[in-house]
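# fold the following, please.
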Amino acid sequence: MAYNWDKLCKAQRDYPKPKYALDTIGKHLKKRPGDPYVLAWKASILLSQDGNTQDILNILTPFATRQPPITDLSLLSYSYKLLLEATRRHDFKTSLYLGTVGELGLKIWQNAAKMLSNRTARLELWSELFVAAMRQDCWEDVRFAIVQANKESPASKKTAYYSFILANQLAAEHKIKIGGAGAIPDMSYKIQLGVAHQKMKDAFEGSPRLPDQAVRVSDMRDLRFMTFIYSRQNRIDELFDAWSKPPPVLKKLFDDHRMDILISLVKVAHGAGNWATAAGMCVQIVQKELEPDGNIAHVCSTAWSIWSTLLEAMPLVYPQHEVMRRYAAIYESFQKKTLNTGIQTRAIQLTRLTLSVYAGQSSLPLAKTFWLDNFSRRTCFFDLRRVVALMSTEHMKEFHSFISANARARIPDMPSEISTREWLLAEASVLQFEYLMFVSIPENPEVELIEAHATASLKLYHIATQVQDEVACDIAIVAVMSLLRLHLLNMEKPFSTPPQLQAAMLLRHLLSDETFRNARQLALLSTRVHLNLGLGTIAFEHYGYAKVKEMLNDTTSWVLLSRISQAHPFDVKGPRGFSADEELAKVIGTIDKMEGQLGDFLYRDLQDFSYDTAFDLLDLKRQERSSLTKHACMIERRRIARLKDYVDMSANYDFSALPNFDFVEKQNSQRIFIEHPPVTALWVANYRSHHDLISRLIFKEPVPFAFRKTMDNLLIQEMSDQDGTGRTPEGRRRQCQSRTEQRYEKLFEFLATIAAEVYDLQPRFSENPVSIASAFIKLNFQLEDCYETYRFFIDDAHSEEPVSRRLCSEHDLMHSYGLLEILVLVARFIPTLRGIARDKSHKLYLVISKANVDRLLEKARDCYNIVRTVAEKDIDRMKKTGMSRLRKEVRERSTGQALRAILSDKDVETYAKGYVESAIEAFSGILKVKLE
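Residues are numbered from 1 along each chain as shown. Just a heads-up that it's a prediction; the model follows:
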């Protein structure tokens, strides 16, 4: 029985494994050798197995001459995708640049159209090709589909017209990208850019050349689309000229949306780096609104981009003295306008403050006034942060004295709910500014000051909890920030963690109260702090309180999952159980789902295509497709699988998910939360092209088509990017590595050197390449060094005051798992090396001896055993002294004493017990790793 689309979908569900699917396909093709559905299925499986691309093309290309032609739209789209992928793989040099499925692929659709006598059916066919080509970024084929669809007189001629402009623009950009990537440039892009520009211009001017006057520009959607075309072609001046003298028929549209249009022009000029035009436009808008009949309040409240662009553009256009003169003139006019009207909204006050700083005026009196009017707002600190940070030391001290005295004066004599809350809000604001001024801004802040600030914050938090006010959460976060900063500067006992432990226990205490569990920032902060302490069960529990929505997984999951495979790779059972692998899979699935949902909005029928939002949606979809979070999660899952003995790039991180009271230009608060740098595109490229490739080969995992070539290209690009820091490519690479990765980098490189020779890999660019014989010697030396490091941990554990190991920490766990990951690779590599040592015909027989291999395995086993021994001793230590050390450390310093009012001895006992259990669980994971 012949297949149809529904039967094909069912068969693919019934036979998900290639072996059984190919058996079913073979049996069916013996009876019906030309069944296109089953042939497409076979091609799909061969592609998934990285089969011979010529065989796959031999299956699919006959579809172009098939009689009768294929007319099933679903099968046509499916075969289009398969043929395109096979063509790309067949000639890798063009794989990244292919913008069309080719003549044979399009002939399949043309033959189908000839079989359809109904105009509506043909229009539906070309609309299907329009969507299928868009999904694969084949804009030449999108153009072809629109041209064919126009012959069928589509109902929405305007949509088809603008879609054709978009297709020409993107097809041209694709060809320009090819030239930039080193391929032979296709100069026809100039014609396509000209077509897109001329058609857009005709639509704006209402040219007689238009196929129908109904397609001319008529609303803001069309004007928005026009800005995309002109800005992407760098025709900024032409766009400004056109919009300064719109056709009479559009005059009402321009009058009704004057401010929106002006903001669009400023945005276009800013994006193109046309600073003179941007500055001129902004000055024109501001001066117009500063006139007696102007509405400057509207610009301050709803069009801040005007002010920000003005302040950014001025120094790039005029000399410094002229910039200051112009700033001063604008500030003076603004003062006259706003003071005369008497309107003093928060937006106007903020604008006045910002202008005073740029105009070189004293911002102190304005900052005092703003604080008095707005200290009860939770945004007050963030509004004033930059202004205060840029004050002179004297003005900063005076501002601090002013707000401190004002807050003290608000201590209620006759406490009431309103007066107490007002006082607490004022004191909370003072604490935030004190953190900025005394903790964040100084290059070398005083430890005593930070400790005093943390103590004061804890005491105020205790008062706030007694009156049950929501400001308690804000105060607690400031206290935690100070404790973490104190931990960072606590150099007297580098392996002691009282401030960090105190911060963690305070956070755990807060989240034990249902009131605080809705505070996402608090839950994420607690997640990160407990991960730093190596307490995975508690971190995962608190991450659950954050209630991260699907759309936020891409931006916030880094808090939990950054390098999770190196600290908590194994599943934990029980009431507080968790699975890092499941969480990683969930994030990957969610990002894929978000990409799919964006596709649903974007890839619509030609008649319903939203051309005005297409550029934005395409950019969003590409961000999701190249999500750094997704790629990092995929890497983490593979690393976990290998540790469990299983065989088998756009950075969207939102760092504002965690609190930040530091000066915005320093951005040093990240070090408080995470001891290792977040995963970057360079890290992913380096890991995938080198570490993962070596691991796949040693584990005998399949290496997908063009895996290494693609990643090598990405790595070269990332390593050559100029970031203005003066760092070498090697320095940039090391900067994104964790301390563990830096510690074991040489160990892995010597192993990789041997593997490269064994698997005939191209030599990796290296500053100091070594021979395979030297690599064996150096690899053994590195393993001996690792052994000695862990032996020191054992010797130190017997002393009365062990200094080399904290109770538990993410760094210690990463140190152990990082070494174990390489040891497992060595053990998996041994059988291959032994085979070479026995094979006299092998080219490496003379350099890889049985003695070398045996010695390598012996060193690996020694390291593996001592890592396990240290983990066992850590578990024993936690059982014997963990509770007593936690009880002691949580009460250390003045901060610990301040915590007595918040955490009772019973609370400490309860939390300490949970911490000990979590630490034992974390160390137990190390014992689950199998070497052989």
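# give the buried residues for the one helix or strand V824 maps to.
If you go by DSSP states H and E, V824 is part of helix 810-838. Of the residues in helix 810-838, 810-830, 832-833, 836-837 count as buried by neighbour count, 16 or more other Cβ atoms under 10 Å. Where you see a C-beta, it was placed from the backbone N, CA and C, and this is true even at glycine.
# same check on stretch 258-273?
Across stretch 258-273, burial judged by 16+ other Cβ under 10 Å covers 261-270, 272.
# can you check stretch 581-599 too?
In stretch 581-599, counting by 16+ other Cβ under 10 Å, buried: 581, 583-584, 586-588, 590-591, 594-595, 598-599.
# for that stretch, output the C-alpha coordinates as PDB.
Output of stretch 581-599 as PDB, limited to C-alpha atoms (Å, rounded to 0.1, in the frame of the first residue of the first chain):
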ATOM      1  CA  ASP A 581      20.900  16.700  33.400                       C
ATOM      2  CA  GLU A 582      17.100  17.100  33.400                       C
ATOM      3  CA  GLU A 583      17.300  20.800  34.200                       C
ATOM      4  CA  LEU A 584      19.800  21.200  31.300                       C
ATOM      5  CA  ALA A 585      17.500  19.300  29.000                       C
ATOM      6  CA  LYS A 586      14.600  21.400  30.100                       C
ATOM      7  CA  VAL A 587      16.400  24.600  29.200                       C
ATOM      8  CA  ILE A 588      17.500  23.300  25.800                       C
ATOM      9  CA  GLY A 589      13.900  22.200  25.100                       C
ATOM     10  CA  THR A 590      12.500  25.500  26.300                       C
ATOM     11  CA  ILE A 591      14.800  27.500  24.000                       C
ATOM     12  CA  ASP A 592      13.900  25.300  21.100                       C
ATOM     13  CA  LYS A 593      10.300  25.800  21.900                       C
ATOM     14  CA  MET A 594      10.700  29.600  22.000                       C
ATOM     15  CA  GLU A 595      12.400  29.400  18.600                       C
ATOM     16  CA  GLY A 596       9.500  27.400  17.300                       C
ATOM     17  CA  GLN A 597       7.000  29.900  18.600                       C
ATOM     18  CA  LEU A 598       8.900  32.800  17.000                       C
ATOM     19  CA  GLY A 599       8.800  30.700  13.800                       C
END
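# can you name the residues in contact with that stretch?
By Cβ atoms under 8 Å, 6 or more residues apart in numbering, the residues outside stretch 581-599 that reach it are 135, 540, 550-551, 553-554, 557, 560-561, 564, 569, 571, 617, 620-621, 624-625, 627, 629-630, 633-634, 636-637, 640-641.
# so who does L265 touch?
227, 239-240, 243, 281 are the contacts of L265 under Cβ under 8 Å, 6+ apart.
# do I have it right that L531 meets E810?
Yes. L531 is within contact range of E810, at 5.5 Å (criterion: Cβ atoms under 8 Å).
# what do the two both touch?
By Cβ under 8 Å, 6+ apart, the residues touching both L531 and E810 are A567.
# quick revisit: pLDDT of the helix holding V824, averaged?
For helix 810-838, mean pLDDT rounds to 90.
# from the chain's centre, how far out does it sit?
How far helix 810-838 lies from its chain's middle: 30 Å, per Cα atoms, centre = their mean, to the nearest Å.
# got the buried residues for the next helix or strand after that helix?
Using DSSP H and E, the helix or strand that directly follows helix 810-838 along the chain is helix 850-877. By 16+ other Cβ under 10 Å, the buried positions in helix 850-877 come out as 852-853, 855-857, 859-864, 866-868, 870-871, 873-875, 877.
# so for helix 850-877, what's the average pLDDT?
Helix 850-877 comes out at a mean pLDDT of 91.
# now the helices: where do they sit in the stretch 101-250 of the chain?
103-115, 119-135, 139-150, 157-180, 189-205, 220-232, 236-244 (DSSP state H, counting those that start in this stretch).
# assess the claim that R508 and I538 are in contact.
Yes. R508 is in contact with I538 according to Cβ under 8 Å; the separation is 6.6 Å.
# more crowded one of those two?
Set R508 next to I538 and count neighbours by other Cβ atoms under 10 Å: I538 wins out with 26 against 22.
# flag the shaky bits of the stretch 1-150 of the chain, pLDDT-wise.
Scanning the stretch 1-150 of the chain for pLDDT under 70 picks out the ranges 1, 92-97.
# strands of that one, start to end?
With DSSP state E, counting those that start in this stretch as the criterion, the stretch 1-150 of the chain has no strands.
# now tell me which helix or strand of this protein has the poorest mean pLDDT.
helix 707-720 (a mean of 52; mean pLDDT, DSSP states H and E).
# can you give the distance of stretch 466-484 from its chain's centre?
29 Å.
# got any ranges where the stretch 601-750 of the chain has weak pLDDT?
626, 644-678, 704-735.
# overlap in contacts, R508 and I538.
Common neighbours of R508 and I538 (Cβ under 8 Å, 6+ apart) are 530, 914.
# show me where the stretch 251-400 of the chain has its helices.
Counting by DSSP H, counting those that start in this stretch, the stretch 251-400 of the chain has these helices, from start to end: 251-256, 258-271, 275-289, 296-302, 304-317, 320-341, 346-358, 364-374, 380-389, 393-409.
# to L697, which of those lies closest?
Judged by Cβ to Cβ, the one of the helices of the stretch 251-400 of the chain that comes nearest to L697 is helix 258-271, at 44.6 Å.
# between helix 220-232 and the closest one, find me the angle.
For helix 258-271 against helix 220-232, the angle by axes from the mean of the first three to the mean of the last three Cα atoms, to 10 degrees is 20 degrees.
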